[in-house]
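J.: Pasting the sequence and the predicted coordinates here, then a few questions.
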Amino acid sequence: DGRAVMAARPTDRRAALTLAALAALTMATAAATDQRPLTNEDIVRLVMTGTDEKAILRLLEERRVDFDLDTEIVTELRTAGVNDAIIEAMRRRQAAMPRPAIDPAPAPADEAAGILEIALPAADDDTDDAERSVIAARSLPKGARRPPGLEVGLVDDLAFAVMCTTGHHVPDHWEARTPIEGAPRHGLLLFEPGAAAATKKGFEILYLDHPGIYRLEVPEGRHALQFAVAGRGAGSGAWRLLVADGAPVSIEAGAVTRVTIESGSRLRGSYRTGFGLDVRWKVAAVREPGDGPP
């Protein structure tokens, strides 16, 4: 009758299913051979491309992971099609991940060294401890959205860090000698956790509970230093930089070099109307030996 009837033959359907299965297997195999930690995005990608649940669970047992499993993020995972069995496996694997030691490697005993002092703002009558420091969200009220300044997510601890990025000061296998992930290549000189909790505008927050002055021994020489605050993800447990600023610093044996940092934070708005976070973190001055009186 002149009409063409288009119908997929059984062999065509079987071939299509075989190709889809091979594509999912190829993706799972590629993921298994990748050395990066698995992230939320990796799991969502595997689910959306039809990777078998058993293959994903097996991958979770074999690979390092770095998940954000905050309550809101878990809801997003479910919306993307990740089932509860996989989410529970993600939680178990995240909890089982070893954490790197946070003690920086000491300078060699026979190497000449000087003292580095880092001064942060002291409390005054007009600014509370949180507002003179660096603020991060510990938890959000129900229905509140994360502000643009909190891209790294919620945190359960904060730490002050000093990193040297001078090439010949960066140790071999440097990534295994620092707890900070995603940072530039560095040698870790100081990593000191310390956070205090507070409530502002209905939000549970943490702020860096610093002593006012940090003192550490640093090998003699010229250093490209980064002064930073890192946050530990409430879901992933990974430390990542929240703020950082750098300066070239000279250290002389037996002498003191002083760095002054300006810092402050302010929450704007509210969880009903939307809110934001303003953070100021800047190396304000470097006073090296020989610069004379302040």
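T.: Everything's here; your move.

J.: Can you say which helix or strand has residue 237 in it?
T.: Of the helices and strands defined by DSSP states H and E, none includes residue 237.

J.: Could you verify my assumption that it touches residue 91?
T.: No - judged on C-beta atoms under 8 Å, residue 237 makes no contact with residue 91 at a distance of 11.4 Å. Where you see a C-beta, it was placed from the backbone N, CA and C, and this is true even at glycine.

J.: So for those two, which residue has more residues nearby?
T.: Taking other C-beta atoms under 10 Å, residue 237 and residue 91 do not tie; residue 237 has more neighbours (19 against 14).

J.: The more buried one and residue 253: what is the separation?
T.: According to C-beta to C-beta, to the nearest Å, residue 237 stands 39 Å off from residue 253.

J.: To what extent is residue 222 buried, counted in neighbours?
T.: Based on other C-beta under 10 Å, the number of other residues close to residue 222 is 10.

J.: go on, residue 182?
T.: Using other C-beta under 10 Å, residue 182 is surrounded by 11 other residues.

J.: again, but for residue 168
T.: By other C-beta under 10 Å, 7 other residues sit near residue 168.

J.: Quick check: it is in a strand.
T.: No - read with DSSP: H, G, I helix; E, B strand; the rest coil, residue 168 is helix and lies in no strand.

J.: what about it, distance to residue 223?
T.: Distance, residue 168 to residue 223, using C-beta to C-beta: 11 Å.

J.: doesn't residue 88 fall inside a helix?
T.: Yes - assignment of residue 88 by three-state DSSP places it within a helix.

J.: correct me, but residue 228 touches residue 240?
T.: No - counting by C-beta under 8 Å, residue 228 sits too far from residue 240 to count as a contact (10.1 Å).

J.: And those two? Which one has more around it.
T.: The residue with more neighbours, out of residue 228 and residue 240, is residue 228; 23 against 19, by other C-beta under 10 Å.

J.: does the more buried one sit in a helix or strand, and which one?
T.: According to DSSP H and E, residue 228 maps onto strand 221-233.

J.: In the sheet, which strands lie alongside that strand, parallel or antiparallel?
T.: Here strand 221-233 is paired, per DSSP bridges, with strand 155-164 (antiparallel), strand 239-251 (antiparallel).

J.: right, so those strands: which one is the most enclosed?
T.: strand 155-164 (a mean of 23; mean count of other C-beta atoms under 10 Å).

J.: same question for that strand, mean pLDDT?
T.: Averaged across strand 155-164, pLDDT comes to 94.

J.: That strand: how far from the chain's middle?
T.: Averaging C-alpha positions (C-alpha atoms, centre = their mean, to the nearest Å) puts strand 155-164 10 Å from its chain's average.
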